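Undergrad: here are the coordinates; sequence isn't available:
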């Protein structure tokens, strides 16, 4: 059965992959909901049961103070945009998707899907591809925890094939994955976080290509690139979408375009603190993963938790304890903030470890 609404067939590689058999039958047969606004968006609009009198905003009705949050929001909009807030937005957002397609190097807006952050897109992939109580996906811990949470919400099994963590490598274990593909031919998805969370390490594109081309895995490879704009250029798997039919790349606007130069300063500051061990991972994201050492110079979850809680509860600095993740014993994850915030975090960590 063809996929309804799919206008362009996309790439035909790899030869062993076919999308249609992966989709839940009820989803494949689903008739897309359409409204008049899908086809007509100008003129006298009496199709969507909107309030034609305009938005109900105090500042527009009687020039009263709308409040700080509303005022800040309204300041970002033109008068024309404010006046049209009573209308539903475009159901397809084609102009925005065209801009994203051009920026990321994919053919056109049909290759872009918008969601409320990556989490909604991940959840939708589960609902489209995975039959509850039957299907399974693969994850490679340590990785983003929402893959497993969303699997549990959708009653989908999770097969974990850990990353190679020795010496802070945090790379895919290709041999173990190959064996897992062979033993589990019905896996629906594989989640690859690159740069990883909490590892901050890129997975090279040639490694991802080898996974895509592995004939033993017939599911969809989801490459989560929430932090890709902090990594060196030309490392995004978005380029693979043009070549491979079995890859889906998720990105988010909430993390990108940050302060990479300040990240380097934070790494240097943490490295000079007595009691801080290795800076793990590839530092390809907007955070730093560092070991907290005990009195014997060994990574310590106990010490890391103590530093984490004390900073949050009495020093006014909140970071993230990640020591429970595989290969991350004794680790704190410190997000790159402003230069002043980074100095304060390093100062408080140093004070607590002295």
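TA: Perfect, thanks for sending it. Note that the structure is predicted; figures quoted are calculated from it, not measured.
Undergrad: which residues does residue 248 contact?
TA: Contacts of residue 248 were listed using CB atoms under 8 Å, 6 or more residues apart in numbering, and they are 125, 220, 221, 222, 223, 241. For every residue, glycine as well, the C-beta is placed using N, CA and C.
Undergrad: Which of these has the largest number of neighbours?
TA: The most crowded member of these, judged by other CB atoms under 10 Å, is residue 223 (25 neighbours).
Undergrad: Can you give me the distance of the nearest residue to that residue once chain neighbours are set aside to residue 200?
TA: Once flanking residues are discounted, residue 223 sits nearest to residue 237: 4.1 Å by CB to CB, 6 or more residues apart in numbering. Distance of residue 237 to residue 200, computed by CB to CB, to the nearest Å: 17 Å.
Undergrad: What is the neighbour count of the nearest residue to residue 113 once chain neighbours are set aside?
TA: Leaving aside its sequence neighbours, residue 113 sits nearest to residue 121 (CB to CB, 6+ apart; 6.7 Å). Residue 121 has 18 neighbouring residues, counting by other CB under 10 Å.
Undergrad: Residue 47 now?
TA: 14.
Undergrad: so it touches residue 39, yeah?
TA: No - contact criterion CB atoms under 8 Å: residue 47 and residue 39 do not qualify, at 9.9 Å.
Undergrad: where in this protein is pLDDT low?
TA: 1-2, 4-5, 57-74, 76, 257-262 (pLDDT under 70).
Undergrad: what are the ranges of the strands in it?
TA: 136-139, 157-160, 189-193, 220-224, 247-250, 276-280, 287-292, 320-321, 331-335 (DSSP state E).
Undergrad: Of these, give the one that comes closest to residue 32.
TA: strand 247-250 (19.1 Å; CB to CB).
Undergrad: And the helices in this protein?
TA: 25-28, 58-61, 68-75, 79-83, 94-104, 117-129, 146-153, 174-183, 205-212, 260-271, 301-310, 339-353 (DSSP state H).
Undergrad: which residues sit in contact with residue 242?
TA: So residue 242 contacts 11, 105, 106, 107 (CB under 8 Å, 6+ apart).
Undergrad: Identify the residue spatially nearest to the third one, adjacent ones excluded.
TA: Computed as CB to CB, 6+ apart, the closest residue to residue 106 that is not its neighbour in sequence is residue 241, at 5.5 Å.
Undergrad: Surely that neighbour and residue 111 touch.
TA: Yes - contact criterion CB under 8 Å: residue 241 and residue 111 qualify, at 6.4 Å.
Undergrad: give me every residue that touches residue 330.
TA: 277, 291, 292, 293, 294, 298, 299, 300, 301, 303, 304, 323.
Undergrad: show me what contacts the third one?
TA: To tie it back to what came earlier, the one meant is residue 292. 275-277, 299-300, 303-304, 307, 330-332, 349, 353.
Undergrad: Next: the fifth one.
TA: With contacts taken as CB under 8 Å, 6+ apart, residue 294 has the following neighbours: 300, 302, 303, 330.
Undergrad: buried subset of those residues?
TA: Neighbour counting by 16 or more other CB atoms under 10 Å classes 300, 303, 330 among those as buried.
Undergrad: Nearest to residue 142, out of those: which one, please.
TA: Checking the buried ones among the contacts of residue 294 against residue 142 with CB to CB, the nearest one is residue 330 at 13.4 Å.
Undergrad: separation between that closest one and residue 255?
TA: Going from residue 330 to residue 255 by CB to CB gives 25 Å.
Undergrad: Likewise for residue 139?
TA: From residue 139 to residue 255 the distance is 20 Å (CB to CB).
Undergrad: before we move on, what about residue 120?
TA: As for residue 120, its distance to residue 255 is 15 Å (criterion: CB to CB).
Undergrad: These two - which one has more neighbours?
TA: The neighbour comparison of residue 120 against residue 255 (other CB under 10 Å) goes to residue 255, with 20 against 13.
Undergrad: quick one: contacts for the spatially most central residue of the chain?
TA: Closest residue to the average C-alpha location of the chain: residue 226 at 3.8 Å, with CA atoms, centre = their mean. Residues near residue 226 by CB under 8 Å, 6+ apart: 118, 144, 193, 197, 250, 251, 252, 254, 255.
Undergrad: Can you add distance to residue 75 and give those back as a markdown table?
TA: Formatted as a markdown table, those follow (distance: CB to CB, whole Å):
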| residue | distance to residue 75 |
| --- | --- |
| 118 | 28 |
| 144 | 34 |
| 193 | 36 |
| 197 | 33 |
| 250 | 31 |
| 251 | 27 |
| 252 | 24 |
| 254 | 21 |
| 255 | 24 |
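Undergrad: What is the nearest of those to residue 267?
TA: Closest to residue 267, out of all of those and judged by CB to CB, is residue 197, at 17.2 Å.
Undergrad: sorry, back to before: and which of the contacts of residue 292 is nearest residue 77?
TA: residue 332 (39.6 Å).
Undergrad: beta partners of that closest one?
TA: residue 290, residue 321 (DSSP bridges).
Undergrad: can you pull the contacts of it?
TA: Neighbours of residue 332 in contact, by CB under 8 Å, 6+ apart: 289, 290, 292, 304, 307, 308, 319, 320, 321, 322, 323, 349.
Undergrad: could you measure the fifth one against residue 301, distance?
TA: Read it as residue 307. 11 Å.
Undergrad: In terms of neighbours, single out the busier of the two.
TA: residue 307 (25 against 17).
Undergrad: That one is in contact with residue 350, isn't it?
TA: No - using CB under 8 Å as the test, residue 307 is too far from residue 350 to be in contact (10.3 Å).
Undergrad: Give the full set of residues in contact with residue 281.
TA: 168, 170, 196, 198, 199, 200, 201, 289.
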